[in-house]
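*Asks:* kindly return the folded structure for what I paste below:
(chains A, B, C and D)
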There are 2 protein chains.
Amino acid sequence: MRKPSQKQDRTKDQPGERAPRWRRRAEARPAEIFDAALTVFSARGFQAAKLDEVAKLAGISKGTLYLYFESKTALFEAMALELMRVPVLAGLDAIAGAPTAREGLLGLMQLVGRMLGDPRRSALPKLIVSESAGFPELARIWLKTVIQPVRARIVEFIERGVANGEFRAVDPWETAKLVIAPFLLTAIWLRTFEGLDERPFDTAALLRQHTDMLLRGLAPEPAAISGD
Amino acid sequence: MRKPSQKQDRTKDQPGERAPRWRRRAEARPAEIFDAALTVFSARGFQAAKLDEVAKLAGISKGTLYLYFESKTALFEAMALELMRVPVLAGLDAIAGAPTAREGLLGLMQLVGRMLGDPRRSALPKLIVSESAGFPELARIWLKTVIQPVRARIVEFIERGVANGEFRAVDPWETAKLVIAPFLLTAIWLRTFEGLDERPFDTAALLRQHTDMLLRGLAPEPAAISGD
DNA sequence: ATCTAATAACTGACTGGTCAGTTATTTATT
DNA sequence: AATAAATAACTGACCAGTCAGTTATTAGAT
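*Replies:* Numbering: from 1, shown residues only, chains lettered A, B, ... in the order given. Alright, predicted model coming up:
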């Protein structure tokens, strides 16, 4: 946890010239504040997080926070919305053009898997879930802008695969949830039980097993499909 | 939200006899307090929950809370531990004796599924996850007393099935996570996004699809299993 | 270049509301 | 009468949010 503070920079100044107590860095502040806020809110939760701590971590005073954000709540919401930008959806369009349903589905899963590999991005699901009681609106937005589009794509791929015979006939809606579930598990688990469990969580192994099981579950019947 | 309060009981007293402002009910209190606490903590989260509200819902005053619990923290922990008692594990032993791995696995899944059907019990996972930052010890205990035993059983069943040819060779550890994931999804989803999504969450349909997909994913290769 | 006025960025001590926890007192029960 | 159960008024710590004052930076004047 390195301090991004510029107060330490005095050694780099020209000798004899005393370093200023602070600098004006209006453009850099918001990003740094978001960064500090994510760390503190993730570690403590919204209510327990102290703005003094966020400010300290961002290398500023609490008063300065209020030059950039109206309130603790506004900061939290702005931070969450910031994390939703440049979303999973960025790569989604490229995948939409996949030649087969199978490839599309796998591509999408890898995309999401890769996203969860970035600790900053994977913090959001846990925060949304944890703070949903206090921020229902945020949950709604996340659902709408992240979950629903991804799920819609999954449903589309499954429907396509079922239609063209790549997959057997399954309920696309419920199956889409099954595709998503292990990713949610990963995001939650890493930030809730990691370090407490008997083995470290192997994200890659889970993803491998997940795709393997999923493709077999979706595989069309060999030949003999009689009524039950 | 009906009040369990006994303050309203005055009408039921014998006519002419004024009802007491309160009664001594030392045995009944803890359960009623747990009940109220679960409601309030679930609705607001630990920090935002007010003990005055818990007390009011339990039909007592805040001071009385402190006759039964040392602190807000102690109340929360006691409540969580209470919810862990009579755990999933109760029915686990019966299932252990299942004749086939398949039956064992399905029995266990139905057990967990049924548990999630009870809104009181299904509140725990969300609470544990949400408050894990402030109560890491609770997360550890839940992992140890609920998750790990269930997961161990799943691993056992899978290993058994792989050994006796019921299932194909899979990684039991990772596959066990895949078995669990949709249940976690259900518990989280119902208490985070329900009412916000485009369709209501159909727990039964998901469970059906989950078992279906899982069994196909575990099914042994038809015949041709040559070395790779 | 150097000085000076104006302004934007920042600080940190302070305030006021909230709520966990305490206690003096009242009420029920034995 | 004695005791246990419960109340409600109280206290004090905590912290979000404020603001009067300070310091860096910029722009204009010389």
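*Asks:* checking residue A:195 next. Helix, strand or coil?
*Replies:* coil (DSSP: H, G, I helix; E, B strand; the rest coil).
*Asks:* and residue A:52, by the same measure?
*Replies:* Assignment for residue A:52 (three-state DSSP): helix.
*Asks:* verify the stated contact: it with residue A:62.
*Replies:* Yes. Counting by Cβ atoms under 8 Å, residue A:52 sits close enough to residue A:62 to count as a contact (5.3 Å). In short, each C-beta sits where N, CA and C put it, glycine included.
*Asks:* for DNA strand C, what are the nearby residues on chain A?
*Replies:* Neighbours of DNA strand C within chain A, by Cβ under 7 Å from any atom of the strand: A:21-26, A:29, A:55, A:59-64, A:66-67.
*Asks:* one more time with 10 Å, if that's ok
*Replies:* A:5-7, A:20-30, A:32-33, A:47, A:51-52, A:55-56, A:58-68 (Cβ under 10 Å from any atom of the strand).
*Asks:* next secondary structure element downstream of the lengthiest helix in chain A?
*Replies:* Longest helix in chain A, counting residues (DSSP state H): helix A:172-190. Per DSSP states H and E, the first helix or strand lying C-terminal to helix A:172-190 is helix A:203-218.
*Asks:* is that following helix anywhere near chain B?
*Replies:* Yes. Under the criterion of Cβ under 8 Å from any Cβ of the partner chain, helix A:203-218 makes contact with chain B via A:205, A:206, A:208, A:209, A:210, A:212, A:213, A:214, A:216, A:217, A:218.
*Asks:* and the gap between the first one and DNA strand D?
*Replies:* For residue A:205, the distance to DNA strand D under the criterion Cβ to the nearest atom of the strand, to the nearest Å works out to 40 Å.
*Asks:* try residue A:147
*Replies:* 28 Å.
*Asks:* run a quick neighbour tally on that residue.
*Replies:* For residue A:147, the tally of surrounding residues (other Cβ atoms under 10 Å in any protein chain shown) stands at 20.
*Asks:* how much space separates the nearest residue to residue A:39 once chain neighbours are set aside from DNA strand D?
*Replies:* Counting by Cβ to Cβ, 6 or more residues apart in numbering or on different chains, the nearest residue to residue A:39 once its immediate chain neighbours are dropped is residue A:57, at 6.3 Å. Counting by Cβ to the nearest atom of the strand, the gap from residue A:57 to DNA strand D is 13 Å.
*Asks:* for the one helix or strand residue A:57 maps to, packing partners?
*Replies:* Applying DSSP H and E as the criterion places residue A:57 in helix A:51-58. Using 3 or more Cβ pairs under 8 Å, 6 or more residues apart in numbering or on different chains; DSSP states H and E, the elements in contact with helix A:51-58 are helix A:29-44, helix A:62-68, helix A:72-84.
*Asks:* tell me the SS of residue A:166?
*Replies:* coil.
*Asks:* spit out the contact partners of it.
*Replies:* Shown in contact with residue A:166 (Cβ atoms under 8 Å, 6 or more residues apart in numbering or on different chains): A:100, A:101, A:102, A:160, A:218, A:220.
*Asks:* quickly note the distance from it to residue B:164.
*Replies:* 32 Å (Cβ to Cβ, to the nearest Å).
*Asks:* which outside residues touch the worst-scoring helix or strand of chain A on mean pLDDT?
*Replies:* For chain A, using mean pLDDT, DSSP states H and E, the weakest element among its helices and strands is helix A:89-96, scoring a mean of 82. By Cβ under 8 Å, 6+ apart, the surrounding residues in contact with helix A:89-96 are A:104, A:107, A:108, A:111, A:145, A:146, A:149, A:150, A:153.
*Asks:* quick one: that helix to chain centroid distance?
*Replies:* Distance of helix A:89-96 from the chain centroid (Cα atoms, centre = their mean, to the nearest Å) equals 16 Å.
*Asks:* is any part of the helix or strand following that helix close to chain B?
*Replies:* The helix or strand immediately downstream of helix A:89-96 is helix A:101-117, counting by DSSP H and E. No. Applying Cβ under 8 Å from any Cβ, one finds helix A:101-117 separated from chain B by no less than 13.0 Å.
*Asks:* what is helix A:101-117 packed up against?
*Replies:* helix A:89-96, helix A:119-130, helix A:148-163, helix A:172-190, helix A:203-218.
*Asks:* quick check: which of these is buried the most?
*Replies:* helix A:172-190 (a mean of 22; mean count of other Cβ atoms under 10 Å in any protein chain shown).
*Asks:* what about the residue nearest to residue A:39, how many residues nearby?
*Replies:* Neighbours around residue A:57, by other Cβ under 10 Å: 19.
*Asks:* how close does it get to residue A:42?
*Replies:* 12 Å.
*Asks:* pull the contacting residues for residue A:50.
*Replies:* A:40, A:44.
*Asks:* so for stretch A:24-40, what gets flagged as buried?
*Replies:* A:29, A:30, A:32, A:33, A:34, A:35, A:36, A:37, A:38, A:39, A:40 (16 or more other Cβ atoms under 10 Å in any protein chain shown).
*Asks:* how far does that stretch sit from the chain's center?
*Replies:* With Cα atoms, centre = their mean, you get 19 Å for stretch A:24-40.
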